[in-house]
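Q: this one's sequence-less:
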């Protein structure tokens, strides 16, 4: 097996395990209402898909660490909607953002946009933002394509998610 493929696979599996651990340890165990009369699920549980602003109040911006954000904001689920908000091109904003969907972990690690698909152009993040629905149970690799990958490489404008199939309640 190719060592590069093995390293990428180990990275994905490790991140998935950490994501599951983080979601259970940091979100569920801190609550004490297991089996209480208020309900048998954790606070904030919803059976409907969520709308998640990428980056929270930071939006989609240069210099914010989106990999850390995704790790802390998970878990994500199939049919959740990611909303990318960013400023359109202007005299003040000469390096506007975009959103690329990358095909694999290797492209993601290297910020290689050549086989990526531009899913949102420089103007689609304005106003209510660009919406992307996580329709399938598969890894999604996102990156900013501005300045031929400079925003992805140096500005840390990249993250990946592996949505869960269903929302579990306890």
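A: Noted; the coordinates are in hand. Keep in mind the model is a prediction, meaning the values are calculated, not measured. Numbering: from 1, shown residues only.
Q: could you list the buried residues of stretch 91-99?
A: Using 16 or more other Cβ atoms under 10 Å as the burial criterion, the residues of stretch 91-99 that qualify are 96, 97, 98, 99. Quick note: C-beta positions are derived from backbone N, CA and C, even for glycine.
Q: what about residue 55, how many residues nearby?
A: Residue 55 has 21 neighbours, counted by other Cβ atoms under 10 Å.
Q: could you pull up the residues touching it?
A: Applying Cβ atoms under 8 Å, 6 or more residues apart in numbering, one finds that residue 55 lies in contact with 61, 64, 66, 69, 85.
Q: circling back: could you provide the buried residues of stretch 91-99 in CSV, with additional columns for pLDDT, secondary structure and distance to residue 154?
A: Conversion of the buried residues of stretch 91-99 to CSV gives the following (pLDDT from 0 to 100; DSSP: H, G, I helix; E, B strand; the rest coil; distance: Cβ to Cβ, whole Å):
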residue, pLDDT, secondary structure, distance to residue 154
96, 90, coil, 16
97, 94, coil, 14
98, 96, coil, 16
99, 97, strand, 17
